[in-house]
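Chemist: Next come a sequence and a model predicted from it.
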Number of protein chains: 2
Amino acid sequence: MTHPSAELAGFAAGLTYEDIPAHVARRTEDLLLDTLASELAGSSARPVQSMAKLADTMGPASGPSENLVTRKTTSPLFAALVNAAAAHMVEQDDVHNGSVFHPAAVVFPPAIATAQALGRSGKELITACVAGYEVGIRVGEFLGRSHYKVFHTTGTAGALASAAAVGRLLGLDEEQMLNAFGSAGTQAAGLWEFLRDAADSKQLHTGKAAVNGMIAAYLAQDGFTGARHILEGPQGMAAGMSTDADVRKLTDGLGTRWTVVESSFKFHASCRHTHPAADALLKLVLSRDLKAQDIASVTAHVHQGAIDVLGPVVNPTSVHQSKFSMGTVLAMIALHRRAGLPEFDAALGDAQVEAFRDRVSMVLDDEVDTAYPNRWIGKVTVRTTDGQEYFERVDEPKGDPGNTLSREEIETKAYALGTYRNAATHEEVEALIQRVWALADASLVGPFIQ
Amino acid sequence: MTHPSAELAGFAAGLTYEDIPAHVARRTEDLLLDTLASELAGSSARPVQSMAKLADTMGPASGPSENLVTRKTTSPLFAALVNAAAAHMVEQDDVHNGSVFHPAAVVFPPAIATAQALGRSGKELITACVAGYEVGIRVGEFLGRSHYKVFHTTGTAGALASAAAVGRLLGLDEEQMLNAFGSAGTQAAGLWEFLRDAADSKQLHTGKAAVNGMIAAYLAQDGFTGARHILEGPQGMAAGMSTDADVRKLTDGLGTRWTVVESSFKFHASCRHTHPAADALLKLVLSRDLKAQDIASVTAHVHQGAIDVLGPVVNPTSVHQSKFSMGTVLAMIALHRRAGLPEFDAALGDAQVEAFRDRVSMVLDDEVDTAYPNRWIGKVTVRTTDGQEYFERVDEPKGDPGNTLSREEIETKAYALGTYRNAATHEEVEALIQRVWALADASLVGPFIQ
């Protein structure tokens, strides 16, 4: 077995904690905390509550894994389903630029649920999560930009990310891991069509990606087989769902390039495609001391992906959909200099936000589009009511690897997310933070909130 | 709401038993029996046992729904998962020609599990299953031939079929049903790549289609929303997974054309694409009294879909894969005049079968290809060892609507399937048959095997 999928499977199956550089392991802990806090922040949302209710109807009433939404225990499958749905709800979980993929939401929930069920150590959990990131991100990069035009890569590549993480915890060998990839890839799904209607599918995509990968891994452990070339074969994922797949991406820098540290924290509580322009506008309004009422129009110079994802959102009708509205996000920056969770809750139906929103437009920009997805450049042109025109740019949005968050900033964000709508108390988040920072020394991954 | 998806959703939500012509209801019972017997026949197979084990690990230990594989009860989700996997295992469940879709495996298991959980009547179950057929088949026809080249339509359209059937039992209104379609479509998956490796994915596809549709319907009942144009929207299923989708197919003859009665019973225990040629060869060897050793070569004149699906299977390495080998199936016809379950078990590794297999080839035939998928014409040319050349054709394979099975033949098939590998006793199958024939009078859908 020497083909790229097998090589990737072998890497995921064979990865050990000792292989992982210390700064990669620490960043994995950072991302894990960011994810658990995101799960808490999303736990009270209606779509997440619907999925929790489904889990109550269909799943066992107790089990070895922690459901952070219901604060009850259940089987790993339902803990992964519900927690992964919650993790992506408030759009504050991480994003990997090159793959345009949200790894945290589909890697940590199934890995944590499995580690809790199997009694694995903190180091084993970290190792599995790194395997999930390295696989999922490479699959996302492999599927390419054409895939992302119609498919939600977090749903599709996410199934393989989950399979790799859960498969590592199950101790799959290379052959079994390749079978898990096959079963995960043939379940991979997720379409962007829901954005147009502000529908709830994004939570379904992360929840199901986590579950699909977990099913694939557990089945593979029992000898259930999958296609050996599910990614690149003539009737595989790329054949059906991409026109620009590049098989070299699957093994790019395996073992030396650590994609975990390439992933970006989200500073604003909105779709990542809005962040570069938001940061550029923030820089401009701060440096020029512009008020919202001074601004006659904002032009965001963007990549095609931003137009594909945000373009359909003209008149957002839910808080969640407003996170995909460039106009809404830039209005919040102009009005409040922030686009955090409380600002989003207040923005829906706010007349000032709506008035500003209609003054924002997006245009395709060659430089930004060419740099994307490796670099997410933000450029805005602002015209003021007194006829001035200003231009601003940022080359790396806040939260990106070159402009990342410190552990102190991550903790601050975790408190804000974890206590959002009273999901958890300040003390619970404090204890959660301590558990995550001590994870590598934990002989058993226990519950994170108890 | 007047677009085609909404019209289809409205039809499924509003269908009543009184709307359904009697011969359609009776055929639904025929197909239901055929499916339950198929589930029993597949229950002992390794991939199905793996899925049953997964259900034991992840699902509740008991519940309102019958798991025919374990003979235990569980929640509707896991009953649907395992029974739907079993239903398709021995390739004896039905097929709808025009959509190239196996509706029974993805409609009956989730519908039965839900009806048992909700305490629905036999008439309500029949109505829901008809809704599932009418939706799933139209979605399959809509997705078209380009979709089927890479995607396993039973997995993709199957999610919508399951959503319609379960949604009808849940009493979804048109709006909720459309949301269920959205959530089902965005989970829809299944790739043909597994065929090349004789992998186990086909069972995963039916099991997961049943589950995905059920999840979509239960979530919709709770207010969870999905894309309103998941089928035909610019980032929907057709946009991502088809190049020849035809939106008119979604509502073709709704309420007057009953696709349930267009579905074909499978007479041979093999992939449907082998049946037309198998029937033509059977007709020829019987009429000319040819023995296998008299035959130097067989050329099957086929449609492109047969080449796409069967072409990769050159040297089958499992009983299941041999059902996708045209050479194996025609060898069994030549050698035994039958291609049933026992013949398949005996054929793998049989030197006579392998020798004959290498004398079989497929060629694309214009007439057959043009008629497909509405008509599945079988044409073979046989060259004998003494230099003669014979040609034979069948215009409608055994089991097709114009050449269907009688209730007596369906019962005979059910006994053969149900007692295969001692899955059930003759008496249990007898009782099962009686329950199904009395289904329309049952005030409660109870267990079928008790």
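Modeler: Thanks, I have it. Residues are numbered from 1 along each chain as shown, chains lettered A, B, ... in the order given.

Chemist: Look up how far A:Arg383 lies from A:Ile295.
Modeler: 8 Å (CB to CB, to the nearest Å). In short, each C-beta sits where N, CA and C put it, glycine included.

Chemist: need the contact list for A:Gly226.
Modeler: A:Gly226 is in contact with A:178-186, A:216, A:220, B:194, B:197, B:199-201, counting by CB atoms under 8 Å, 6 or more residues apart in numbering or on different chains.

Chemist: Just list what the one helix or strand A:Pro47 maps to packs against, helices and strands only.
Modeler: Here A:Pro47 sits within helix A:46-58, counting by DSSP states H and E. If contacts are counted by 3 or more CB pairs under 8 Å, 6 or more residues apart in numbering or on different chains; DSSP states H and E, helix A:46-58 sits against helix A:76-87, helix A:201-221, helix B:76-87, helix B:201-221.

Chemist: Quick check: helices, which of the contacts of A:Gly226 are part of them?
Modeler: Residues of the contacts of A:Gly226 located in helices (DSSP state H): A:178-185, A:216, A:220, B:201.

Chemist: In contact with the residue nearest to the spatial centre of chain A: list those residues for me.
Modeler: The residue lying closest to the centre of chain A (CA atoms, centre = their mean) is A:His102, at 2.3 Å. When contacts are counted by CB under 8 Å, 6+ apart, A:His102 touches A:88, A:93-96, A:154, A:158, A:206.

Chemist: Make a markdown table from those and add distance to A:Ala6 and neighbour count to it.
Modeler: Listed next are the contacts of A:His102 as a markdown table, based on distance: CB to CB, whole Å; neighbours: other CB atoms under 10 Å in any protein chain shown:
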| residue | distance to A:Ala6 | neighbour count |
| --- | --- | --- |
| A:His88 | 30 | 28 |
| A:Asp93 | 30 | 30 |
| A:Asp94 | 28 | 25 |
| A:Val95 | 28 | 25 |
| A:His96 | 23 | 26 |
| A:Thr154 | 25 | 30 |
| A:Gly158 | 21 | 36 |
| A:Thr206 | 27 | 32 |
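
Chemist: Just the ones of those residues in strands?
Modeler: Using DSSP state E, A:95-96 are the members of these that sit in strands.

Chemist: which of the contacts of A:His102 lies closest to B:Ser65?
Modeler: Among these, A:Thr206 lies closest to B:Ser65 (CB to CB), at 27.1 Å.

Chemist: list the contacts for that closest one?
Modeler: Contacts of A:Thr206 by CB under 8 Å, 6+ apart are A:84-85, A:87-88, A:102, A:105-106, A:154-155, A:158.

Chemist: So which elements touch the longest helix seen in chain A?
Modeler: When chain A is parsed with DSSP H, its longest helix is helix A:122-150. Where contact means 3+ CB pairs under 8 Å, 6+ apart, helix A:122-150 is packed against helix A:4-14, helix A:22-42, strand A:95-96, helix A:103-118, helix A:153-169, helix A:237-241, helix A:304-310.

Chemist: can we see that at 7 Å?
Modeler: Of the remaining helices and strands, those touching helix A:122-150 by 3 or more CB pairs under 7 Å, 6 or more residues apart in numbering or on different chains; DSSP states H and E are helix A:4-14, helix A:22-42, helix A:103-118, helix A:153-169, helix A:237-241, helix A:304-310.

Chemist: quick one, the helix or strand harbouring A:Glu175 and helix A:122-150 angle?
Modeler: If you go by DSSP H and E, A:Glu175 is part of helix A:174-185. Relative orientation of helix A:174-185 and helix A:122-150, computed by axes from the mean of the first three to the mean of the last three CA atoms, to 10 degrees: 40 degrees.

Chemist: what angle do helix A:174-185 and helix A:153-169 make?
Modeler: Going by the same axes, to 10 degrees, helix A:174-185 makes 150 degrees with helix A:153-169.

Chemist: circling back: between A:Ile295 and A:Arg383, which is the more surrounded one?
Modeler: The neighbour comparison of A:Ile295 against A:Arg383 (other CB atoms under 10 Å in any protein chain shown) goes to A:Ile295, with 23 against 15.

Chemist: Pairing partners for that one in the sheet, please.
Modeler: A:Thr384 (DSSP bridges).

Chemist: now chain A, which segments are flagged as low pLDDT?
Modeler: Applying pLDDT under 70 to chain A flags the ranges A:1.
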